[in-house]
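Visitor: build me a model:
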Amino acid sequence: MAERKASELFVECLETEGVKHVFGIPGEETLDLNESLAKSSIEFVPVRHEQGAAYMADVYGRLTGRAGVCLGTLGPGAMNLVTGVADALLDSAPLVALTGQGDLDRMHKESHQYIDILSVMRPITKWNARLNTPRLIPEVVRKAFKVAEQQKPGPTHLELPEDVMEAEVDERPLPRNERVRRPEPSDEEVAEAADIIRNADSPVILAGNGAVRVGASRALREFSHATGIPVAETFMAKGLVDDREDCALGAVGLQAGDYEMAGFGDADVVITVGFDLVEHAPEHWNAKRDKRIVYIDTVSSEVDEYFVTAVDLVGDMERILQHLARELGSLDSDAGSSRLRDVVLSYFEGSKGDDHFPMQPPRALWEIRQAMRDDDILISDVGMHKLWIGRMFPAYEPNTVLIANGLAGMGFAVPAAVAAKLVHPERNVVTVNGDGGFVMNAQELETATRLGTAFVNVIWENRQFGSIVWKQDKKFGEHFGTDFTNPDFVKLAEAYGMPAWRIESAEDFGDRLRQALTLDVPSLIVLPIDYSIDVVISEELGAETVAT
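Guide: Sure thing, here's the model as predicted:
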């Protein structure tokens, strides 16, 4: 091939990887890369803050299984990516972060805007590297995507020195191998797991984010139906089983009594399917360390004193569940309990006639659920509302309730919704934000308006960091350092060119939301919220066990 700028080869490699969008902010040290992107088939999406770019790439990766790509320049631009990159690590989303850098001959000394970004990124990525020579671009790009997308997925990072990207090079991209290996455990391992489950008095399933990542929802539902073993879900696994089905035990993890109420107290065997320990500590459901654990996942189990597995079934989850179901057949078991789901649903369904205003969370969530189709997407920011959504919002399909859980960084929802609409333009997308988290990335409303990504932003406004108020009141009997004022969010949205409304009554909210969902532009609804009803909805469920 003819010699061309290294940045052109780099973009050709991105195209070979199937990259459709790069989210970011251009910088002086990425001039060549941005010029090459402008001439390519890839859409460069300018954002208003690099953290927003990283969150967009994070959610793009979650929803597609293909690494989302974000770009920042050197120094401050690169540092602004860090929160979103770390979120992708702890929530196992495939992401490739690109950062510019000064020339190679600046790196041995103190220099303007130079920070050792490789060292910054090392603990929050699966792999990261600096491009020291243009001829290595094909290998380095291929590795960045391969490592990001292989199980467990997560972020990788490439640093692109300015002089390297403007150099001439004669190389070609490495092909992307689309073949996916589907390894399985041995027949003996599956038979051992089946024997443990068959001889159990009360087996239950705990499904987690890993099963969502690999698309194992159908296999899990078929396994549960075939064997009769019920399924409890983590917050990030909502929708793996349809909340309306009898096999669904509900979302567990908010309160100490969740697992007991869902039947884990009587369970002697717990089958974990894609359960990540970062989702919720096993200590909460195996405090006595007396349960036998059958572990199903794509990688070996983590080490934890409350998570000592009896057998590990590592490989393709769909095949493992199918193989195990054939071994087991239908079991004569009445394991699990509907008590948790019954309590939560009683509050949820009972709220539909609640005219209290400012609105209380159950009624707000009930209205959102009525306005959305089964496969529409609800995105939760981080705060008190996240606990309500994780606890109470019914989900019917996987990846329809997106929650930032592992890192749990505020400001997630608005950029996440931009990415969700780019991936699924045919679906309705609604965000629920607290007024604390919303302003942390409110600038991406401009990005949404420019792109025409039509989603509805719902702001639960109470002029406090509500989750911290809740914690402080419980611990100290008072709260402090948590109150603030807000701008007029309706005028703010209108300044960004989008329609917006302030809700004045409980009856008004559902109508406004349905109206907003018919629009082909992004919109915003301010909903005054009353958190006086405790998210710990029943004393019998015990104290809270999670952070927001």
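
Visitor: who are the packing partners of the lowest-mean-pLDDT helix or strand in the chain?
Guide: One helix or strand of the chain scores below all others by mean pLDDT, DSSP states H and E: helix 466-476, with a mean of 85. Using 3 or more Cβ pairs under 8 Å, 6 or more residues apart in numbering; DSSP states H and E as the contact criterion, the elements in contact with helix 466-476 are helix 384-392. C-beta: built from backbone N, CA, C; applies to glycine.

Visitor: buried residues of the helix or strand that comes right after the helix it packs on, list them for me.
Guide: Tracing the chain past helix 384-392, the next element assigned as helix or strand by DSSP states H and E is strand 401-403. By neighbour count, with 16 or more other Cβ atoms under 10 Å as the criterion, the buried positions of strand 401-403 are Val401, Leu402, Ile403.

Visitor: could you dump the residues you listed into a markdown table with distance to Ala216 and pLDDT added?
Guide: Written out in a markdown table, the entries for these read as follows (distance: Cβ to Cβ, whole Å; pLDDT from 0 to 100):
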| residue | distance to Ala216 | pLDDT |
| --- | --- | --- |
| Val401 | 17 | 98 |
| Leu402 | 18 | 97 |
| Ile403 | 19 | 95 |
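
Visitor: out of those residues, which comes closest to Asp105?
Guide: Within the buried residues of strand 401-403, distances to Asp105 taken as Cβ to Cβ reach their minimum at Leu402, with 43.8 Å.

Visitor: residues contacting that closest one?
Guide: Counting by Cβ atoms under 8 Å, 6 or more residues apart in numbering, Leu402 touches Val59, Arg62, Ile377, Leu378, Ile379, Ser380, Ala416, Ala420.

Visitor: quick check: it vs Arg427, distance?
Guide: Relative to Arg427, Leu402 is positioned 12 Å away (criterion: Cβ to Cβ, to the nearest Å).

Visitor: give me the distance between Asn399 and Ala420.
Guide: When distance is defined by Cβ to Cβ, Asn399 is 9 Å away from Ala420.

Visitor: the more surrounded of the two?
Guide: Neighbour count, other Cβ atoms under 10 Å: between Asn399 and Ala420, Ala420 has more, with 27 against 22.

Visitor: what's the strand or helix carrying that one in contact with?
Guide: Per DSSP H and E, Ala420 falls inside helix 413-423. By Cβ under 8 Å, 6+ apart, the surrounding residues in contact with helix 413-423 are 21, 23, 47, 51-53, 55-60, 63-64, 68, 377, 379-381, 402, 404, 427, 429, 431-433, 437-438, 441-442, 444-445, 447-448, 451, 453-455, 457.

Visitor: in the stretch 1-150 of the chain, where is pLDDT below threshold?
Guide: Scanning the stretch 1-150 of the chain for pLDDT under 70 picks out the ranges 1.

Visitor: in JSON lines, list the buried residues of strand 401-403 along with distance to Ala251.
Guide: Below are these laid out as JSON lines (distance: Cβ to Cβ, whole Å):
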{"residue": "Val401", "distance to Ala251": "9"}
{"residue": "Leu402", "distance to Ala251": "14"}
{"residue": "Ile403", "distance to Ala251": "10"}
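
Visitor: and the residues you listed, which is closest to Leu31?
Guide: Sorting these by distance to Leu31 puts Leu402 at the head of the list, at 34.2 Å, by Cβ to Cβ.

Visitor: just grab the bridge partners of the closest one for me.
Guide: In this structure, Leu402 has beta-bridge partners Ile379, where bridges are defined by DSSP bridges.

Visitor: coming back round to it: so which of the buried residues of strand 401-403 is the closest to Ile503?
Guide: Val401 (22.1 Å).

Visitor: wait, the closest one sits on Ser380?
Guide: Yes - the pair Val401 / Ser380 is scored as a contact, 7.1 Å apart, by Cβ atoms under 8 Å.

Visitor: quick check: neighbours shared by these two?
Guide: Overlap between the contact sets of Val401 and Ser380, as judged by Cβ under 8 Å, 6+ apart, is given by Ile389.

Visitor: before we move on, the earlier item: pLDDT on the helix holding Ala420, on average?
Guide: If you average the pLDDT over helix 413-423, you get 98.

Visitor: please save the CA atoms from it in PDB.
Guide: Included here for helix 413-423 are C-alpha records, laid out as PDB according to Å, rounded to 0.1, in the frame of the first residue of the first chain:
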ATOM      1  CA  ALA A 413     -28.000   9.300  32.500                       C
ATOM      2  CA  VAL A 414     -28.000  12.100  29.900                       C
ATOM      3  CA  PRO A 415     -24.900  10.900  27.900                       C
ATOM      4  CA  ALA A 416     -26.100   7.300  28.300                       C
ATOM      5  CA  ALA A 417     -29.400   8.200  26.700                       C
ATOM      6  CA  VAL A 418     -27.600   9.800  23.700                       C
ATOM      7  CA  ALA A 419     -25.800   6.500  23.100                       C
ATOM      8  CA  ALA A 420     -29.000   4.400  23.700                       C
ATOM      9  CA  LYS A 421     -30.900   6.400  21.000                       C
ATOM     10  CA  LEU A 422     -28.000   6.000  18.500                       C
ATOM     11  CA  VAL A 423     -28.000   2.300  19.000                       C
END
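
Visitor: and the next helix or strand past it?
Guide: The helix or strand immediately downstream of helix 413-423 is strand 429-434, counting by DSSP H and E.

Visitor: could you list every helix and strand in contact with that next one?
Guide: helix 361-371, strand 377-380, helix 384-392, helix 413-423, strand 456-461.

Visitor: now with 7 Å, please.
Guide: Judged by 3 or more Cβ pairs under 7 Å, 6 or more residues apart in numbering; DSSP states H and E, the packing partners of strand 429-434 are strand 377-380, helix 384-392, helix 413-423, strand 456-461.

Visitor: quick check: angle from the longest one to strand 429-434?
Guide: Looking back up the chat, that one is helix 413-423. 170 degrees (axes from the mean of the first three to the mean of the last three Cα atoms, to 10 degrees).

Visitor: how far off centre is stretch 365-384?
Guide: Centroid displacement of stretch 365-384 relative to its chain, using Cα atoms, centre = their mean, to the nearest Å, is 15 Å.

Visitor: and it, how far apart are its ends?
Guide: The stretch stretch 365-384 measures 13 Å between its terminal residues, going by Cα to Cα, to the nearest Å.

Visitor: OK, contacts around Ala516?
Guide: For Ala516, the set of contacting residues under the criterion of Cβ atoms under 7 Å, 6 or more residues apart in numbering consists of Val456, Ser523, Ile525.

Visitor: again, 6 Å this time
Guide: Val456, Ser523 (Cβ atoms under 6 Å, 6 or more residues apart in numbering).

Visitor: from Tyr396, how far out is it?
Guide: Counting by Cβ to Cβ, the separation of Ala516 from Tyr396 is 21 Å.

Visitor: one more: Glu446?
Guide: For Glu446, the distance to Tyr396 under the criterion Cβ to Cβ works out to 33 Å.

Visitor: please name the bridge partners of the nearest residue to Asp312 once chain neighbours are set aside.
Guide: If the residues on either side of it in the chain are set aside, Asp312 comes closest to Tyr295, at 4.7 Å by Cβ to Cβ, 6 or more residues apart in numbering. Following DSSP bridges, Tyr295 is listed with bridge partners Thr272, Asp312.

Visitor: list of residues touching the helix or strand where Arg142 lies?
Guide: Secondary structure assignment for Arg142, by DSSP H and E: helix 137-149. In this structure, residues lying in contact with helix 137-149 by Cβ under 6 Å, 6+ apart are 9-10, 13, 17, 67, 94, 96, 126-127, 129, 131, 156, 158, 171, 173-174.
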